[in-house]
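K.L.:
My questions concern the predicted model and sequence given below.
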2 protein chains.
Amino acid sequence: MAEQAAPGSPRGRRKGSPDTRSAILAAARSSFAELGFAGTTIRAVAASAGVDAALVHHYFGTKDELFLAALELPVDPRKLMGPAIAGPIEQAAERFLGIFLSVWDDPDLSPSLIAVARGIMDPAGSRLLTEGVLPVVIEPIGAALGIDDPQRRMSLVASQVIGLILMRYVLAVEPLASMSREQLITIYAPTLQRYLTGDLP
Amino acid sequence: MAEQAAPGSPRGRRKGSPDTRSAILAAARSSFAELGFAGTTIRAVAASAGVDAALVHHYFGTKDELFLAALELPVDPRKLMGPAIAGPIEQAAERFLGIFLSVWDDPDLSPSLIAVARGIMDPAGSRLLTEGVLPVVIEPIGAALGIDDPQRRMSLVASQVIGLILMRYVLAVEPLASMSREQLITIYAPTLQRYLTGDLP
């Protein structure tokens, strides 16, 4: 990934290096938090990090991908949810919950996921959720499942999943914090499946 | 409510006055936030406000009532939920949602409710939820309904209701923020009714 340093490059902008990558990520994080997803541009992030926009694209690809990188999730939710999306739509909620809970229950992953959740639920970071996580991470799952009205149905799914994350992982409320994955799937899968594919007003 | 000032009272402690009441509430709020509900005592709140414990009891009654007063809710959730508790258990979730949403949708009440919700969801205030709101406000609804295992069932109810509050009111995520109360009741009542009275593992 590292490119050769080019100290004499035009306008003295930094080229690729681990520091450059971190500087871009830091600039992206602060822009997403302050200006929201829609208000953030690759060009402005590049300017704030002191690099060319092409370098941001080179490292991170699209704005969606830059956003996911800035969240610093320990896993890529889009890769993770592939198996939940494949398979019969009638069991999509069960597959989704199985994957979702096994990632959040993993002691190597949960501390950083909890840190991301805290940041997203914080009022200062709330645009990360409304303008970033919902359209970039959550709604595409609904679209990939091919359900009707994915924006509305996935916002219902999110309203249950976020409450579960808050109670079980962030606040560790009992008995939710100690319940087994199997119990949680039995309890929550029918709720989520109805939000995904049930008859709704 | 105001009592006569008694400047010469023993140990120079302040007696009743609007200021005293505010001082007690401020001391209670900071104790509940720092030490949680279980770690807070009427005696310590009184000492921190510079008054006698008897005065705290006189103004606020029990620790539960002091907690509710410290939350500064614009409505008393226990009085409010009376009509949801009375009536057939099979429609309890529908009644609960009707009352709950009409209060949160009320423009005179929602700003202060949102402020309370932000405080409760903040990591610094999380013990207010886990040790205060759940046992003092939410679990008693389950106990009053006479459902089995009210702690577990009400934690499931809370996991959905908190997510709905966060998405619809705190973050105003569309389309949830603009959906009608009737739509929301049709969508969420079956979820909550199953958590209250359905067969669960």
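P.N.:
Yep, it's here.

K.L.:
near chain B, which residues of chain A show up?
P.N.:
Taking C-beta under 8 Å from any C-beta of the partner chain, the part of chain A that reaches chain B is made up of A:118, A:121-123, A:126, A:129-130, A:134, A:151-152, A:155-156, A:158-164, A:166-168, A:170-176, A:182-183, A:186-187, A:190-191, A:194-195, A:200-201. For every residue, glycine as well, the C-beta is placed using N, CA and C.

K.L.:
Please state the offset of stretch A:177-197 from the chain centre?
P.N.:
Mean C-alpha position of stretch A:177-197 versus that of the full chain (C-alpha atoms, centre = their mean, to the nearest Å) differs by 21 Å.

K.L.:
list the buried ones in it?
P.N.:
In terms of neighbour count (16 or more other C-beta atoms under 10 Å in any protein chain shown), stretch A:177-197 has its buried residues at A:179, A:184-197.

K.L.:
Can you pull out the low-pLDDT segments for chain A?
P.N.:
Counting by pLDDT under 70, chain A has low-confidence residues at A:1-16, A:121-126.

K.L.:
can you rerun that using 80?
P.N.:
For chain A, the stretches flagged by pLDDT under 80 are A:1-18, A:33-34, A:36-38, A:72-74, A:78, A:115-116, A:118-134.

K.L.:
and the gap between the nearest residue to residue A:131 once chain neighbours are set aside and residue A:74?
P.N.:
Nearest non-adjacent residue to residue A:131, counting by C-beta to C-beta, 6 or more residues apart in numbering or on different chains: residue A:37, 3.8 Å away. Separation of residue A:37 from residue A:74 (C-beta to C-beta, to the nearest Å): 21 Å.

K.L.:
Have a look at those two and say which one is more surrounded.
P.N.:
The residue with more neighbours, out of residue A:37 and residue A:74, is residue A:37; 20 against 14, by other C-beta atoms under 10 Å in any protein chain shown.

K.L.:
I figured the more buried one hits residue A:137, correct?
P.N.:
No. Contact criterion C-beta atoms under 8 Å: residue A:37 and residue A:137 do not qualify, at 11.0 Å.

K.L.:
pull the CA atoms of the helix or strand where residue A:25 lies into CSV?
P.N.:
Using DSSP states H and E, residue A:25 sits in helix A:18-35. Extracted C-alpha coordinates of helix A:18-35, given in CSV (Å, rounded to 0.1, in the frame of the first residue of the first chain):
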residue,chain,number,x,y,z
PRO,A,18,0.8,5.2,7.2
ASP,A,19,0.7,8.8,8.6
THR,A,20,-1.1,10.0,5.5
ARG,A,21,-3.6,7.3,5.8
SER,A,22,-4.2,8.2,9.5
ALA,A,23,-4.4,11.8,8.6
ILE,A,24,-7.1,11.1,6.0
LEU,A,25,-9.1,8.9,8.4
ALA,A,26,-8.9,11.6,11.1
ALA,A,27,-10.1,14.3,8.7
ALA,A,28,-12.9,12.0,7.5
ARG,A,29,-14.0,11.2,11.0
SER,A,30,-14.2,14.8,12.0
SER,A,31,-16.0,15.8,8.8
PHE,A,32,-18.6,13.0,9.1
ALA,A,33,-19.2,13.8,12.7
GLU,A,34,-19.6,17.6,12.1
LEU,A,35,-21.1,17.8,8.7
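
K.L.:
From residue A:19, how far off is residue A:27?
P.N.:
Distance from residue A:27 to residue A:19, by C-beta to C-beta: 12 Å.

K.L.:
Which of those two has more residues huddled nearby?
P.N.:
Counted by other C-beta under 10 Å, residue A:27 and residue A:19 do not tie: residue A:27 has more neighbours, with 22 against 9.

K.L.:
Which residue comes closest to residue A:100 once chain neighbours are left out?
P.N.:
Distances taken as C-beta to C-beta, 6+ apart place residue A:161 nearest to residue A:100, at 7.2 Å, with adjacent residues excluded.
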